[in-house]
Structures are given as structure tokens and as C-alpha cells.
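Trainee: The sequence isn't on hand, but the structure is:
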Ligand SMILES: [Zn+2]
């Protein structure tokens with residue numbers, strides 16, 4: 001028997017965690033209490049260690065029929081990259097949580113580990129129904145070597161969140177394969193940021209894919225996830241929210257400066273949109289801003305994690321309540337590329353008009369790669385899920401496919417992060 005808890009209530013998941021561990025046993029067969037993270041056991045005084053994470057995931061995998069933990073890769077320092085799958089065998093809807101791509105931003109990972117445990121043990125009807133229809137996929141530690149060293153990059157100093165086009169890192173490659181194989185409807189990417197009071201200091205900032213190649217309906221659904229669900233859920237729990245990368249006037253709230261949020265495709269937030277998922281980046285504030293937090297690091301740490309948990313509650317409610325909309329918009333976006341129509345954007349963003357030179361108004365219908373080029377980039381194309389056609393001893397990469405806009409981003413010499421410069425073909429029969 002598992003213990004009962006209502007997950008889909010107004011109560012933040014943090015409240016739930018406390019309920020789970022203090023509630024009386026639900027029955028005589030209830031032998032094992034849900035495991036707690038190192039962070040919870042220390043009341044926020046320290047982060048969960050990687051051996052603790054491994055034990056927690058093993059326990060949850062054994063105890064819960066709805067949880068499956070698999071290894072999706074191995075880092076340069078031989079640490080495992082793990083994917084946790086929570087839900088029924090085959091669900092139409094999938095949500096992917098990517099936690100702490102930056103190793104020195106640990107709070108997202110803590111929120112993910114707590115969420116895995118809570119979803120695994122929840123027995124209330126709403127959560128069970130949710131998990132019958134939606135699989136929650138979690139990469140709890142997206143950068144294990146960086147977490148071990150408390151560094152932003154991996155052990156080679158590479159920022160994994162700038163590697164989602166090039167796929168040079170084991171971490172980036174593992175994640176690309178998950179996105180290719182699972183085709184998540186929602187990709188939710190948890191980070192932390194350093195505040196600059198009084199212009200940029202909310203408890204949480206989030207941002208949707210600004211990349212102009214994002215299907216308009218996917219883009220609008222992602223913005224609605226932020227503005228109508230995640231931010232209100234965080235607000236109801238007492239956390240302030242805003243738009244990532246936008247400094248605001250502390251008195252009027254008007255935007256005064258943009259420090260991030262460009263459309264560049266190699267960030268997971270933007271590539272999620274290019275790959276037709278409803279993407280959201282979310283960042284909790286590292287810095288203590290109250291006097292109590294300044295003298296109590298555990299209190300500061302708990303706010304960093306609890307604010308993420310409150311926002312995650314909004315995400316889970318959105319996934320549950322808007323499931324039909326999300327499925328419809330992602331399915332339409334995935335199919336749209338087969339029509340091979342419309343411009344492809346090499347620059348710009350939803351709040352920045354692209355330079356005319358950055359717009360392929362009438363893009364090529366394919367790019368031809370020589371055998372040498374294909375030998376060099378074939379693995380990466382396959383990891384992205386880009387389809388190719390054998391032509392003589394080389395390949396042709398048609399734009400007429402689901403990931404249409406990604407093709408020029410990878411193979412056009414004018415794209416900022418192209419893998420190789422293919423020969424543009426303008427006539428495909
Ligand atoms: Zn980050």
C-alpha cells in the first residue's frame with residue numbers, strides 16, 4: 001500500500017512532501033515510507049548527493065509500478081545519465097523535465113527529485129488519472145559531472161545548454177535521443193539565476209521559445225503555459241514572477257533592458273520550439289534578498305527549491321487540464337513540415353524583427369551532402385531525427401519533413417551554428 005496524497009490541489013508539492021512523510025501509515029501492509037532526498041533530510045542545509053539520488057531512484061523504481069528508471073548515457077567522467085519515466089505503459093501525452101543542465105544550479109534538480117518521489121507514491125484519483133494519460137519523463141541530473149564539481153559546464157567546460165544543435169557532449173546527445181524517441185509534448189527546463197536588484201530580482205523568471213521557427217500555435221501555448229498557469233501557481237504560493245532576460249523598472253514595471261531571450265536555436269528552450277514541443281525555461285533566484293535568508297543558508301536554499309515546486313504544480317495542472325489542446329497543437333506542428341511551405345528564420349525572435357538577410361523567404365527544397373560531409377555529421381542528423389535520402393554516394397536532406405526548419409539551421413552556411421555547409425538544392429522534381 002502506498003500513502004494517500006492529493007497532488008493536483010492548490011497545495012504546492014512542497015506541502016505534499018511534508019504530508020507524505022508525516023501521514024500515518026495507510027494500512028498494515030505499508031512497510032516502507034517514501035524515501036526522502038538528502039536536501040529534505042537536512043531541511044535544506046545541503047544538496048542531495050549523487051549516491052543519495054541513485055538510492056532514491058532505485059527505491060522508487062522498486063516500490064512503484066508506474067516508475068521506470070533507465071540509463072540514457074554516460075558522461076566523460078563515467079557518471080550515468082538517467083531518465084525516469086512515470087506513468088502508464090503508453091500514454092498519448094508526454095512531459096519532459098530537464099533538471100540542472102548547469103551543474104552549479106542545483107535547486108531545479110532537488111525539485112525534480114521531490115516531484116519524482118511524489119508522483120511515484122501519490123494515490124489520489126486525480127494524480128492517477130493524470131498519469132494514465134500523461135507520462136512524466138525526468139532527467140533529474142542533466143549534467144552529473146558539473147553537479148559533482150559545482151560548475152556550470154560539464155567536465156570539459158562545455159555549456160550543455162549551448163550544445164543542443166552541435167551535439168558534441170554526451171549530455172547533449174543523450175537528451176537529443178530522448179527528444180527524438182519520446183517526442184515530448186512539453187519540455188520544461190529548470191535553472192537558477194543571479195539577481196540584479198532592483199531591476200531583475202523576482203523569485204522566478206520563465207520564458208517560452210522565442211525562436212521564429214516555432215509553430216505559432218506551439219509558441220502561443222507555451223506563452224500561455226507561462227502566463228496563465230505557471231506564474232499564477234507560483235504567485236498563489238507567494239512567489240514573484242517575471243519574464244526571463246527582461247529588466248523592469250522597479251516602480252512602473254515597464255521593461256527597461258533585455259539581457260537574454262534571443263532566438264538562438266542552440267538553447268534547449270528554443271530548440272524545443274523548433275522541434276514542436278511546448279517549451280518553457282524556468283529560473284529561480286539564487287541570491288538571498290531577505291535578512292533572514294542572508295543569515296540562514298538553508299532558508300535561502302528552501303526558497304530556491306520551493307519556488308520551483310510551486311511552479312511545477314502549475315505545470316502539472318496545465319498538463320492535466322490542457323492535455324487535449326497540447327496534443328492537438330504539437331501534432332499539427334509536427335505534420336506541418338511535410339507541406340514544405342513558408343519561410344525559415346536564421347535570426348530574430350518573437351520580440352526582435354530579423355534582418356532581411358536572416359530570412360530564407362523561399363528556402364531550398366533540400367541540401368546535398370558529400371560522402372565526407374555525411375560521414376562527419378550523419379550521427380548528429382540521426383540524433384536530431386532528421387530524415388535523409390541516399391543519393392549516389394552522398395545524401396540529400398529534404399526540407400519536406402517534420403523537422404523542416406531544423407534542416408537549414410543545421411546545413412545552411414548562413415546559419416550561425418550550422419554543422420556543415422550543404423549544397424542548397426532549389427529543384428526537387
Ligand atoms: Zn542555467
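Mentor: Ah, there it is. Just so you know, these numbers come straight off a predicted model, no measurement behind them.

Trainee: Any stretches of the chain with poor pLDDT?
Mentor: 1-31, 260-263 (pLDDT under 70).

Trainee: What residues does it have near the ion?
Mentor: By the criterion of C-beta under 5 Å from the ion, the positions of the chain lying close to the ion are 102, 105, 191. Heads up, the C-betas are built off the backbone N, CA and C, glycines and all.

Trainee: Just those residues: which are in strands?
Mentor: Using DSSP state E, residue 191 are the members of the residues of the chain next to the ion that sit in strands.

Trainee: got a list of what residue 186 touches?
Mentor: Counting by C-beta atoms under 8 Å, 6 or more residues apart in numbering, residue 186 makes contact with 94-96, 225, 277-280, 315, 319, 326.

Trainee: switch the cut-off to 7 Å
Mentor: Taking C-beta atoms under 7 Å, 6 or more residues apart in numbering as the contact definition, residue 186 lies against 95-96, 277-278, 319, 326.

Trainee: how much space is there between residue 360 and the ion?
Mentor: Taking C-beta to the ion, to the nearest Å as the criterion, residue 360 is separated from the ion by 30 Å.

Trainee: hmm, back to that, and the residues of the chain next to the ion, which is closest to residue 371?
Mentor: Taking C-beta to C-beta as the measure, residue 102 is the one of the residues of the chain next to the ion closest to residue 371, at 37.9 Å.

Trainee: Secondary structure and neighbour count added to the contacts of residue 186, as JSON lines?
Mentor: Output for the contacts of residue 186, formatted as JSON lines (DSSP: H, G, I helix; E, B strand; the rest coil; neighbours: other C-beta atoms under 10 Å):
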{"residue": "95", "secondary structure": "strand", "neighbour count": "27"}
{"residue": "96", "secondary structure": "strand", "neighbour count": "25"}
{"residue": "277", "secondary structure": "coil", "neighbour count": "29"}
{"residue": "278", "secondary structure": "strand", "neighbour count": "34"}
{"residue": "319", "secondary structure": "helix", "neighbour count": "23"}
{"residue": "326", "secondary structure": "helix", "neighbour count": "25"}
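
Trainee: of all the residues you listed, which comes closest to the ion?
Mentor: Of all the contacts of residue 186, the one with the least separation from the ion (C-beta to the ion) is residue 96, at 16.6 Å.

Trainee: wait, doesn't that closest one sit right on residue 184?
Mentor: Yes: the pair formed by residue 96 and residue 184 meets the contact definition of C-beta atoms under 7 Å, at 3.8 Å.

Trainee: tell me, what's touching the two both at once?
Mentor: Taking C-beta under 7 Å, 6+ apart as the contact definition, residue 96 and residue 184 share the neighbouring residues residue 137.

Trainee: can you tell me the residue of the stretch 1-150 of the chain closest to the ion?
Mentor: Proximity to the ion, evaluated over the stretch 1-150 of the chain using C-beta to the ion, is greatest for residue 102 at 3.6 Å.
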